[in-house]
Each structure stands twice: as structure tokens, then as C-alpha cells.
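Enquirer: structure, please.
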Amino acid sequence: MLPPIAEIVDNFAFLEEWEDRHQYLMELGRKLPPLPEEARTEANKVRGCVSQVWLETQVDRQDGAPRLHFLGDSDAHITKGVVAVLIAFFDGRTADEAAKADALGLFQRLGLSEHLTAQRSNGARAMMDRIRQDAARVAEAV
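Expert: Numbering: from 1, shown residues only. Okay, here's the model as predicted:
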């Protein structure tokens, strides 16, 4: 089970060396709940990632504004950790909150922006864009 995003931020702040943060990122990826095989579809595949990445967006319409929940996976350990951070950051937010959330700012605070390769950074942006697009579709449907 993934820790809350506040705990992830605190843990990254505690880890001063990039190697330790790198290991923690991979540990977060291992904590992702398994993605069901039926969710590994072309529709859930994130375009713009060098690694294979799947994100499934689920919508909880109970109790007012729809809340988004995510399942995800990747075939690369570091990328899977990035997926985990994004899921921890976006999961449970309303569609409006998710559409406005500053995930790039989070990546800067965690030091991920400066340590991820250009390809992984582009993939992370593609994942953020995908989540925002899904959030916008849900918000428009309300």
C-alpha cells in the first residue's frame, strides 16, 4: 500500500543522497497494488513514455463531487516509482482538484525534475497530462 503523499514528501526530504532517493522511488513502485491484466489495454496505455506505462482512472461519484482513483503499472522500476508518486499525489482528489494540481511543482520539491533523465521526465509529463485530461473529461460530465 502506498503511503500518503505527505509522507512521501517527508521521506524524500529526509533522504539527502540521490542514490537513496532512487532506491526509495523503486520501493514506492513495489508498493503499487497489482494492475489487473484486463486493465493493460491500449486505452490505458500512456503515450509519450519510453517504458510501457498503464494508468486506469476510476471515478467514485458517491458523496458529492466525483473523486478520481488510479491504478497503474510500468515495466521499468524507476518509471513504476514515478507512477506511484503520481498516484499518491492525485488519488482521491476531485476532478477539479486533479485538473489544477501542480504535479510539476511536486517533482521539483522532491528533486525528481533534476535527477530523472529527459526521457523519464517527458514520460512523467505525459502521465500528468493523461491524468489531467481524464480529470477534465470527468469534470465536464458533471
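
Enquirer: please count neighbours and contacts with C-alpha atoms only from this point.
Expert: Will do.

Enquirer: excluding its backbone neighbours, what's nearest residue 61?
Expert: residue 67 (6.5 Å; C-alpha to C-alpha, 6 or more residues apart in numbering).

Enquirer: for the one you found, grab the count of nearby residues.
Expert: 23 (other C-alpha atoms under 10 Å).

Enquirer: can you check residue 73 too?
Expert: Neighbours of residue 73 under the rule other C-alpha under 10 Å: 27.

Enquirer: can you check residue 109 too?
Expert: Taking other C-alpha under 10 Å as the criterion, the count of residues near residue 109 is 13.

Enquirer: just the pLDDT for it.
Expert: pLDDT, residue 109: 91.

Enquirer: buried ones in the host helix or strand of it?
Expert: In the assignment (DSSP states H and E), residue 109 maps to helix 103-110. Residues of helix 103-110 classed as buried: 103, 106-107, 110 (neighbour count, 16 or more other C-alpha atoms under 10 Å).

Enquirer: ok, the residue nearest to residue 61 - contacts?
Expert: Taking C-alpha atoms under 8 Å, 6 or more residues apart in numbering, we find residue 67 in contact with 59-61, 92-95.

Enquirer: min pLDDT across those residues, which one?
Expert: Scanning the contacts of residue 67 for pLDDT, the smallest score is found at residue 61, 86.

Enquirer: neighbours around that residue, how many?
Expert: Close neighbours of residue 61, defined as other C-alpha under 10 Å, add up to 13.

Enquirer: what does residue 36 give?
Expert: Around residue 36 there are 11 residues (other C-alpha under 10 Å).

Enquirer: and what of the one 10 residues further on?
Expert: Using other C-alpha under 10 Å as the criterion, residue 46 is surrounded by 23 other residues.

Enquirer: would you mind measuring from the residue nearest the centre of the chain to residue 138?
Expert: For the chain, the residue sitting closest to the mean C-alpha position, by C-alpha atoms, centre = their mean, is residue 86 at 2.0 Å. Separation of residue 86 from residue 138 (C-alpha to C-alpha, to the nearest Å): 18 Å.
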